[in-house]
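In: model this:
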Amino acid sequence: MSVLSLSKAVKLYRLLKPYIPDIHQEPTALGFVSKIVYNIREQNPRAYVDALALMQGTDVSTIIETYTPEESVLEFTHGLEENQILALQDYCIKIGL
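Out: Here you go, the predicted structure:
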């Protein structure tokens, strides 16, 4: 996994935006990322797999065939950290997304 280009990072933000908690509800970065994972897996598993495929630079079927549920959570979390989801959210809010 690598850091996404700006256009892909914005696409990731748009996928995740409905599931991102208010920063004030989750005071730690780990809590923030955990809440995103929880929200997206509970509300829209397809968006979860789409976001993971985007971060991995692959397609959904490869994600489904390759990762166990535990591995997918670890990779998803790692992808959010690597792509600095907090900074990405701040940037996207500032530009009006």
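
In: Would you mark the buried spots in the lowest-mean-pLDDT helix or strand in the chain?
Out: Ranked by mean pLDDT, DSSP states H and E, the weakest helix or strand in the chain is helix 29-43, scoring a mean of 86. Buried positions in helix 29-43, judged by neighbour count with 16 or more other Cβ atoms under 10 Å: 32-37, 39-41. (Glycine included, C-beta is placed from N, CA and C.)

In: now do stretch 15-23
Out: So for stretch 15-23, counting by 16+ other Cβ under 10 Å, buried means 15-16, 19-20.

In: ok, now stretch 62-80?
Out: Buried-residue list, stretch 62-80, by 16+ other Cβ under 10 Å: 63, 67, 72-73, 75-77, 79-80.

In: could those residues go into CSV alongside secondary structure?
Out: Shown next, in CSV, are these (DSSP: H, G, I helix; E, B strand; the rest coil):
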residue, secondary structure
Ile63, helix
Tyr67, coil
Ser72, helix
Val73, helix
Glu75, helix
Phe76, helix
Thr77, helix
Gly79, helix
Leu80, helix
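
In: and which of the residues you listed is nearest to Ile93?
Out: Leu80 (16.6 Å; Cβ to Cβ).

In: That's all I had, so thanks and see you.
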